Each structure stands twice: as C-alpha cells, then as structure tokens.
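J.: Give me a 3D structure for the following:
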Amino acid sequence: MKIRIDFEKGNPTKLTNHADGTVKTKPLELFTYLNEVAGAHGVGRIDIVENRFVGIKSRGVYETPAGAVLREAHLDLEGMTLDREVVRIRDMMSSEFSRLCYNGFWFAPEMELVMNSLEFAQRNVTGGVELELYKGNITIVGRESPNALYSADLASMDIEDGGAAFDYNPMDSQGFIRINSVRLKAYYHLQRKAGEGKGGKKKDKEKKDPAPKKGAAPKEAAPASPEEDRQKKMKKVTKEGGKRGVEIEGAADMGGLQFFSTSVDEPEGDLEMLVESMKAMNNKPIPGDEERKGCSGHIGKMIFSAGVDQLALVAYVPDEAGQEAGFCEEWLKAVLAAFGGEVTATSAGMCQGRVIADGNKNIFPLKIREPMILESNNFLRKKGLFPEDHSDDDDMVFGDDDFPS
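T.: Numbers count the residues shown, from 1 in each chain. I've put the predicted structure just below:
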C-alpha cells in the first residue's frame, strides 16, 4: 500500500492514499484513518518491558499504527530539512520530552521549555514523504521539501565550489583534519606519560637492562628517523603488492585476461613506492612458502595510488604480451591525457606518471582515480586487449578495481 503524508512546520496536514485516492486533512480524521489502514498491514505493534515512574518494571503490548507511520515519515523529513547540530540537540530534548510526558509532567514549566524549543526547531520541517506499508514494514520511498538543506551538486563534489556559491573545496579538509588531530595527539601523549609512570612497558624494559652507572643520564628512546619510517612503510607496500598480485593472477586466469587495471592504497601517491608495489606483484612464487605472493609477472598492469598531492600511475607490459616497444608509454599517455597528467619515467616494460592535485580545476586524486581506471580499460578495449562491457553479458569482467584491500 502506497501513501503520502504532507507536513507543515512539523505537523501532519494531509494524508493521501494512492491506492483509492482517499485524502484526509483534518487531524483526528487523518490519525483515525491511518490507524485503520496501517493497522491492516500489521504496522506499529510492539512488545516491550518498560520502567514505571516508581521504579517497577512492567510488560506492555501496544499497537500504534498511526503513531509509528507518522514518526517514521516525520524523522525522514527532518533528515532533509534540519541542520546536523539542531538534530543532535533535538534528540536530547526528545528524550526529555518523552520522560516528562510518561511521568505525567505535561503542565510542568520544564515541559513548557522543551515544547517551545521543539516547536522552534520544527519551523522548517515542511514537505511531503512517500511511504509503502506491507506486512508490518514501513518503507520510505521518497521525500520532497521547499526547505531542503540537501544539495545534489554539493554532495556529489562534481561541481566546482559545490554549486550555488557554496565556495566548497575538498582540499580544505586537510587543515580540518590537522586541527582536529591536535587534541588527540595531546591525549595520546598524556596517556603514554601516565603509562610510563605506572610501570608500563617502558619501565618493564628498563628492569631487564643493566643498571646505569652512577651519574649517568637516563637513556631515552630515540625517535624513528625518516629513513626508518620509510622502510617500515615500504614493507607494508610490498606486502600489499604481493597479495594483490595473487588476486590479479586468479582473476586474470578466470577471465582469460592479459592486461589489468587496479589501485593500491599503501603507496599513498608515492611513485617510488608504487614501483616497488608493482615489482612485488610481479615476483615469482617461492617454492615452499606458506603464503603465495606476487605471481602476476606475466600479466600487463596499470596500477594507481592516490595521495594528498598527486595520483601516481605505473604501467607494466611483460615481454610475453607481444606488444610493440612503445606500447607501455602509449598506454600511460592515453590515460594521463584525460586529466592533464605527465609521464615521469619510461622504459621498455615499465613507465611512470602522475596527475598533480589542483583544487582550482576540480582535480583531486581520490576523485579521479576510478575514472582513470575506466579510461585505462577503455584504451585496452580499443586495442582488443580487454573484454567489451556488455550489460547483457552474464560473464564477470575483471579489472575495475573491485578487490578487497
């Protein structure tokens, strides 16, 4: 059963039954009719154990079809028309309203305060909600409002500045993240100091070390150097590359593919690390190893990695692919051209490139990564090296970066 409920300033003003055209606009008639039609679909039945005002628990079985439907529709419309912080405060007041109402304080001054605040919050909750009722379920299928805060242009991030002069730039989030991390770093620093003072891991370690000589300054753990941090990061890169290589081998064998396009996370836009990731994918398996790694050196690949400042690309063409000497560079240039990227290094079998982030041109590494993977696959299709994307084909097509990390 499909119905529509219209609201004005948070109050239900009209109910329309799409099945038979019935329309109710008077509050009592609307509520009574909704009780009847929603109740026929088993909506609004609950069995709960609740706490009475005096502290005794009691079991209650209730049936409130109209109340359940109106609440779902109202909450959905609020999601479109209320500011996030207003919703947060509204939630706190709603809980207080329920407590006061349940305990019989309808005419208390605190109830008057809460009701006036909630009424003020509802001044923009105007619009309509489409619902379906079926076998005890209430399903929201649509909503509209002249006061909607939702903007498709802003949410999609495809329109420069978010459209309508929002002056929104996703690159601004970098500063937002840094500022919000300050308090977390301060908290972690305090927790670490507290742990050391209470005999944490560092103190335990000191017990095992020989006693320092008299007058000697206490030893402090030296911070990791940038080189050490990079070595640790490189281990993660090669581990991810080795696992991804095995996945590519399996998927390519199933789909009969010679070329592949995918992305990796760990290099974070670093070209040198992305090259090492490619090498890890191409490594030959070591007999006797418990876990297979690499194994995809016979498969041509273009891999992508998004960082804050750039999207890094590495293309690889094996000798057994039977392509001309300039194929690797031609492939990379065709993909980079879509977003004005540049080739940074070339060789017979492996080429590197990048696209620099540019907020003024709406070029963001994470945003353009998937379109560029599709561009890579389209290039291969034109060369007859990748399956055509037929929507009515039941066979699975691999290479669109749908592997788990």
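J.: Could you check how many residues crowd around residue 93?
T.: By other Cβ atoms under 10 Å, the residues close to residue 93 number 15. In this view, the C-beta of every residue, glycine as well, is placed from N, C-alpha and C.
J.: tell me what the helix or strand where it lies is packed against?
T.: If you go by DSSP states H and E, residue 93 is part of helix 84-102. Judged by 3 or more Cβ pairs under 8 Å, 6 or more residues apart in numbering; DSSP states H and E, the packing partners of helix 84-102 are helix 65-81, helix 109-121.
J.: So residue 285 sits against residue 295, correct?
T.: Yes - contact criterion Cβ atoms under 8 Å: residue 285 and residue 295 qualify, at 5.2 Å.
J.: between these two, who's got more neighbours?
T.: Regarding residue 285 and residue 295, a neighbour count based on other Cβ under 10 Å identifies residue 295 as having more, with 19 against 15.
J.: that's a helix at that one, yeah?
T.: No - according to DSSP: H, G, I helix; E, B strand; the rest coil, residue 295 belongs to no helix; its state is coil.
J.: ok, it - contacts?
T.: Residue 295 makes contact with 245-246, 249, 283-285, according to Cβ atoms under 8 Å, 6 or more residues apart in numbering.
J.: So, low pLDDT: which residues of the chain?
T.: Across the chain, the ranges flagged by pLDDT under 70 are 157-166, 170-171, 196-222, 389-405.
J.: possible to save the helices and strands packed on helix 84-102 as TSV with distance to residue 92?
T.: Shown next, in TSV, are the helices and strands packed on helix 84-102 (distance: least, Cβ to Cβ, whole Å):
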stretch	distance to residue 92
helix 65-81	14
helix 109-121	10
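J.: Figure out which of those is closest to residue 340.
T.: Among the helices and strands packed on helix 84-102, the nearest to residue 340 by Cβ to Cβ is helix 65-81 (37.4 Å).
J.: so what secondary structure elements neighbour the closest one?
T.: Counting contacts by 3+ Cβ pairs under 8 Å, 6+ apart, helix 65-81 packs against strand 2-8, strand 11-17, helix 27-39, helix 84-102, strand 127-134, strand 137-144.
J.: now the third one, how far from the centre of its chain.
T.: Chain-centre distance of helix 27-39: 39 Å, with Cα atoms, centre = their mean, to the nearest Å.
J.: Buried residues, that helix. List them.
T.: The neighbour-count check on helix 27-39 (16 or more other Cβ atoms under 10 Å) flags 30-31, 33-35, 37-39 as buried.
J.: Relative to residue 376, how far out is the closest residue to residue 83 other than its chain neighbours?
T.: Excluding the flanking residues, the one nearest residue 83 by Cβ to Cβ, 6 or more residues apart in numbering is residue 149, at 6.7 Å. Using Cβ to Cβ, to the nearest Å, residue 149 is found at 38 Å from residue 376.
J.: quick one, which of the two is more surrounded?
T.: Comparing residue 149 with residue 376 by other Cβ under 10 Å, the one with more neighbours is residue 376, at 29 against 13.
J.: Can you tell me how far that one is from residue 365?
T.: Using Cβ to Cβ, one obtains 15 Å as the distance from residue 376 to residue 365.
J.: likewise residue 66?
T.: Residue 66 is 51 Å from residue 365, by Cβ to Cβ.
J.: got it, and residue 111?
T.: When distance is defined by Cβ to Cβ, residue 111 is 53 Å away from residue 365.
J.: Helices - which of the contacts of residue 295 land there?
T.: Residues of the contacts of residue 295 located in helices (DSSP state H): 245-246, 249.
J.: So which of those is surrounded by the most neighbours?
T.: residue 245 (26 neighbours).
J.: Checking the residue nearest to it when sequence neighbours are not counted next. Helix, strand or coil?
T.: Nearest residue to residue 245, sequence neighbours excluded (Cβ to Cβ, 6+ apart): residue 281, at 3.4 Å. Under three-state DSSP, residue 281 falls in the helix class.
J.: list the contacts for residue 281?
T.: Counted by Cβ under 8 Å, 6+ apart, residue 281 has contacts 241-242, 244-245, 248, 294, 296-297, 301, 303.
J.: Could you point out which of the helices and strands packed on helix 84-102 sits nearest residue 231?
T.: Evaluated over the helices and strands packed on helix 84-102, closeness to residue 231 peaks at helix 65-81, with 47.4 Å, by Cβ to Cβ.
J.: quick one, that closest one and strand 2-8 angle?
T.: Counting by axes from the mean of the first three to the mean of the last three Cα atoms, to 10 degrees, helix 65-81 lies at 60 degrees to strand 2-8.
J.: What residues of helix 65-81 count as buried?
T.: For helix 65-81, a neighbour-count test (16+ other Cβ under 10 Å) marks 65-70, 72-74, 76-78, 80-81 as buried.
J.: Any chance of CSV for these, columns distance to residue 102?
T.: Listed next are these as CSV, based on distance: Cβ to Cβ, whole Å:
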residue, distance to residue 102
65, 20
66, 19
67, 14
68, 17
69, 21
70, 18
72, 21
73, 23
74, 19
76, 24
77, 25
78, 22
80, 29
81, 27
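J.: State the pair within these that is farthest apart.
T.: Farthest pair in those (Cβ to Cβ) is 65 and 81. Separation: 24.9 Å.
J.: okay, now the residue nearest to residue 305 when sequence neighbours are not counted: neighbour count?
T.: Using Cβ to Cβ, 6+ apart and skipping residues adjacent in sequence, the residue nearest residue 305 is residue 267, 4.1 Å away. Applying other Cβ under 10 Å, we find 28 residues neighbouring residue 267.
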